[in-house]
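Colleague: 3D model of this:
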Amino acid sequence: SLEMLRLNANSIDSIDIVAGTFKALKCLQLNENKVSDWASIAQLNQLNLTELRLRDNPVLNREKADIGRFIQIALIKSLKVLNGSTINEDDRKWAEIDYLKKHGSEYLKIMKLPETEQNAALESFTASRGRYLEIVERLGAPEEGELKVIESNLKASLVAVKVRLPDVPGSADTVKKLPLSMTVAKLKALVGRLFRQSMKGGGELQLSIQS
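Modeller: Predicted structure coming up:
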């Protein structure tokens, strides 16, 4: 009936979940380990995790912070909180859409293989890309046209903002792409929603800017 497991700083370099184990586990901490591949993170989808702490692992250095976040959200279906930041419905929706596009070319290439080769290729693909095929079933297969990177006016007007809670032990930086037109009031509301579970006591949120 283990619900929380802290495995921080244990030199863990890979994850392989045995089916049917840790059924009650909800919260897992894997900070400061040596996990270096997304296939290991995909293994965590076999659990029913609602909260994951995964900071300071080599796998996170393979992508920009915002991309690494959406990959983790896409790979673990049950996740509700990542590194202290709440995952809302929009976060999950866009994480899965982005993940679908990220590996779309690889998936479409496999689907063009002869049937005799396709099954083995899909098995290998699933081992490394986790629940990608499940996402395809939900959202539909990607089309080659939509995989081309098109810089829209909206995307060009966004700026990456790193948000941190220095007064909350164990909280991790969160990177959000926000419109340049966002007001301070709206930014405070967004930060309050993101870190609602980490902020205790209902105190007033105070923002400081560091460029």
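
Colleague: now the helices for the protein?
Modeller: 38-43, 65-75, 89-102, 104-111, 115-129, 132-139, 153-156, 184-194 (DSSP state H).

Colleague: Dump those helices to a markdown table, plus distance to Leu52.
Modeller: The way it works is simple: take the backbone N, C-alpha and C, and place the C-beta from them, glycine included. Output for these, formatted as a markdown table (distance: least, C-beta to C-beta, whole Å):
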| stretch | distance to Leu52 |
| --- | --- |
| helix 38-43 | 9 |
| helix 65-75 | 7 |
| helix 89-102 | 14 |
| helix 104-111 | 25 |
| helix 115-129 | 18 |
| helix 132-139 | 19 |
| helix 153-156 | 28 |
| helix 184-194 | 16 |
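
Colleague: can you redo those as JSON lines with mean pLDDT and distance to Asn83?
Modeller: Shown next, in JSON lines, are these (pLDDT from 0 to 100; distance: least, C-beta to C-beta, whole Å):
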{"stretch": "helix 38-43", "mean pLDDT": "96", "distance to Asn83": "13"}
{"stretch": "helix 65-75", "mean pLDDT": "95", "distance to Asn83": "8"}
{"stretch": "helix 89-102", "mean pLDDT": "92", "distance to Asn83": "13"}
{"stretch": "helix 104-111", "mean pLDDT": "94", "distance to Asn83": "27"}
{"stretch": "helix 115-129", "mean pLDDT": "95", "distance to Asn83": "22"}
{"stretch": "helix 132-139", "mean pLDDT": "94", "distance to Asn83": "22"}
{"stretch": "helix 153-156", "mean pLDDT": "49", "distance to Asn83": "25"}
{"stretch": "helix 184-194", "mean pLDDT": "69", "distance to Asn83": "11"}
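
Colleague: Run a quick neighbour tally on Ile73.
Modeller: 22 (other C-beta atoms under 10 Å).

Colleague: I'd like the distance between it and Lys112.
Modeller: 29 Å (C-beta to C-beta, to the nearest Å).

Colleague: now stretch 46-54: mean pLDDT?
Modeller: Stretch 46-54 shows a mean pLDDT of 96.

Colleague: How about residues contacting stretch 131-149?
Modeller: The contact list for stretch 131-149 (C-beta atoms under 8 Å, 6 or more residues apart in numbering) reads 42, 45, 74-75, 77, 96-97, 99-101, 103-105, 107-108, 111, 122, 125-126.

Colleague: among the residues you listed, which ones are buried?
Modeller: 42, 45, 74-75, 77, 96-97, 99-100, 103-104, 107, 122, 125 (16 or more other C-beta atoms under 10 Å).

Colleague: Enumerate every residue touching Leu54.
Modeller: Counting by C-beta under 8 Å, 6+ apart, Leu54 has contacts 30-31, 35, 41, 60, 72, 82-83.

Colleague: and the residues you listed as a markdown table, adding distance to Lys162 and neighbour count?
Modeller: Conversion of the contacts of Leu54 to a markdown table gives the following (distance: C-beta to C-beta, whole Å; neighbours: other C-beta atoms under 10 Å):
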| residue | distance to Lys162 | neighbour count |
| --- | --- | --- |
| Leu30 | 22 | 23 |
| Asn31 | 18 | 17 |
| Val35 | 22 | 19 |
| Ile41 | 22 | 23 |
| Leu60 | 14 | 19 |
| Gln72 | 17 | 23 |
| Leu82 | 15 | 23 |
| Asn83 | 13 | 19 |
